[in-house]
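Peer 1: have a look; sequence and predicted model below, questions after that.
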Amino acid sequence: MLEVEDPWLQEIVKVVDEVIIPLKQLLHQSIYDSVLKISITEMTEYLEKLALTCSYNQLGGLLLDKRLRSLVTFLSGITEWSIREKFARLTQIALILSVERLSEVSEYTSSSVKCCLSTAEIKQCLKLRNDFKKDDINKIVGD
């Protein structure tokens, strides 16, 4: 079990340790991998919906980013394939939510990194920041 002090992450790790990992002994490897992939897909979709219902400041965005990195590290340790692509959208949401200044968003969207989020989704994420003004968001992120 991963040693973590974050109650949010502890709960996820506990469920995975108690429900998912024991299946490895019971199922054929390919079936176990399928169950794990489906579980991780469901988890990322749920966490994305959850993340998009909250409001944030920069520290909240940084905390979300830290938690996601810890979760990806934990889940990478129990899989035999890369899970980073499953967390790509969620990781980019956390990145957008953790920027210090709105100008960083345009640097991010114009970089060579492939963005999984549309302009409308980036704007939606930025509007979750309680320290950014909607007019400023609209100036930086066009329609």
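Peer 2: Cool, got the structure.
Peer 1: isn't residue 83 up against residue 43?
Peer 2: No: using Cβ atoms under 8 Å, residue 83 is not in contact with residue 43, being 10.0 Å away. C-betas here are computed from N, CA, C, even on glycine.
Peer 1: wait, what's in contact with the most centrally placed residue in the chain?
Peer 2: Most central in the chain under Cα atoms, centre = their mean is residue 90, positioned 2.9 Å from the mean C-alpha point. Residue 90 makes contacts with 44, 47-48, 51, 68, as judged by Cβ atoms under 8 Å, 6 or more residues apart in numbering.
Peer 1: and it, how close does it get to residue 131?
Peer 2: Taken as Cβ to Cβ, to the nearest Å, the spacing of residue 90 relative to residue 131 amounts to 21 Å.
Peer 1: swap in residue 19?
Peer 2: Distance check for residue 19 against residue 131: by Cβ to Cβ, it reads 38 Å.
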